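Chemist: have a look at this prediction, sequence included:
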Amino acid sequence: MNYLQYHIASGSVVAQIEMDPRFAIDRDGYAYAAGTGTQDRHWVDSGAICARSPYDAHSGPSFIEQGAAPLPVMTHLPDPCWVRIRGTGGQPFSERFVRVEGGTLMFVPEITGTYSVTLEGQYSSTAKAFEVVSLDQFKVRRNDEVSDQKMAVLSAGMVLDGNRWDTDPAAQLSINSMASAANAGIPLPADFYWTTYDNADVPFAIDNLLALSAAVAAFNFAVHDRSRVLKSQVAAATTISEVEAIDVTAGWPS
């Protein structure tokens, strides 16, 4: 005969077994109901196996700043209801059942890490994931995103005289070395050309080379300056919401 193991207070099904529960390992706060069912579709009400009701709960922010004050992570919940909070990566618990009254789940974000919340018992919902992170940690991530965006912009090149030219560090070094040689009076090779970002060879005179070198230098500084502006904004932010509001993809030269 089949049995469902369930959390007594919430009625949430946690496992199905095919053995007499008298021989199963007891867990405090759990009991068994005879019958079959699944965790996602059934719950146990006073020993009877019942169908769960889907419910669309409202999620809070994806990132929550570490601290001691309780913050809302799910709202517009059935009142009352039960939820299950699962922690990962060093949290002090693997899962916890919580009774929620008033329609809002409040959570004290003392320990950093990723958490998942689901409605349990009578109601079912998709899992709501959120991460508790310190402001300093979140700023480091945002600064890394700025650095990544900076490299992406440099790798995308710049437009001069109707052509797109490479501006990544290797291209900058190549252009600068050729321009330095030309400024030192070393003549350019006969039939000299420079290759565009799109792999087209364009005939170049010394004036063209020096103009491209100057344009690439100016572009490189503009990219660097944009990264410094963004990182200054990150440094000045005082909350995770303020850091999230900084658009690291906007305002770059092209």
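Modeler: Alright, I've got the coordinates.
Chemist: can you pull out the helices in the stretch 51-200 of the chain?
Modeler: Secondary structure of the stretch 51-200 of the chain (DSSP state H, counting those that start in this stretch): helices located at 135-156, 169-183.
Chemist: for the longest one, packing partners?
Modeler: It refers to helix 135-156. strand 63-65, helix 206-236, helix 240-244 (3 or more CB pairs under 8 Å, 6 or more residues apart in numbering; DSSP states H and E). For the C-beta atoms, the positions are set from N, CA and C on the backbone; glycine is no exception.
Chemist: hmm, try it at 7 Å
Modeler: helix 206-236, helix 240-244 (3 or more CB pairs under 7 Å, 6 or more residues apart in numbering; DSSP states H and E).
Chemist: got it, and the last one?
Modeler: Packed against helix 169-183, as judged by 3+ CB pairs under 7 Å, 6+ apart, are the following elements: helix 206-236.
Chemist: what sits up against the least confident helix or strand in the chain by mean pLDDT?
Modeler: None of the helices or strands of the chain scores lower by mean pLDDT, DSSP states H and E than strand 58-59, at a mean of 82. The set of residues external to strand 58-59 that reach it, using CB atoms under 7 Å, 6 or more residues apart in numbering, is Met74, Thr75, His76, Lys128.
Chemist: how does it look with 6 Å?
Modeler: Thr75, His76, Lys128 (CB atoms under 6 Å, 6 or more residues apart in numbering).
Chemist: same thing with stretch 80-89?
Modeler: 10, 93, 95-101, 105, 113-121, 123.
Chemist: any idea how far it is from the chain center?
Modeler: Computed by CA atoms, centre = their mean, to the nearest Å, the chain-centroid distance of stretch 80-89 equals 21 Å.
Chemist: for Ala15, what are phi and psi?
Modeler: phi -170, psi 160 (degrees, to the nearest 10).
Chemist: check contacts around the residue lying closest to it once chain neighbours are set aside.
Modeler: Leaving aside its sequence neighbours, Ala15 sits nearest to Gln5 (CB to CB, 6 or more residues apart in numbering; 4.4 Å). Shown in contact with Gln5 (CB under 6 Å, 6+ apart): Val14, Ala15, Tyr30, Tyr32.
Chemist: okay, now the unreliable bits of this structure?
Modeler: 20-26, 89-94 (pLDDT under 70).
Chemist: residues near the residue lying closest to Val108 once chain neighbours are set aside, how many?
Modeler: Distances taken as CB to CB, 6+ apart place Pro70 nearest to Val108, at 5.0 Å, with adjacent residues excluded. By other CB atoms under 10 Å, the residues close to Pro70 number 12.
Chemist: just the one 5 residues further on next, same as before
Modeler: Other residues near Thr75 number 14, with proximity taken as other CB under 10 Å.
Chemist: that one contacts Leu105, correct?
Modeler: No: between Thr75 and Leu105 there is no contact under CB atoms under 6 Å: 7.7 Å.
Chemist: so the residue nearest to Val108 makes contact with Leu105?
Modeler: No: contact criterion CB under 6 Å: Pro70 and Leu105 do not qualify, at 9.6 Å.
Chemist: now list whatever residues contact both of those two.
Modeler: With contacts taken as CB under 6 Å, 6+ apart, Pro70 and Leu105 have no neighbour in common.
Chemist: ok, the least confident helix or strand of the chain: who's next to it in the sheet?
Modeler: Sheet pairing of strand 58-59 (DSSP bridges) gives strand 71-75 (antiparallel).
Chemist: hang on, the earlier thing: Trp194: which of the helices of the stretch 51-200 of the chain is closest?
Modeler: Closest of the helices of the stretch 51-200 of the chain to Trp194 is helix 169-183, at 7.9 Å (criterion: CB to CB).
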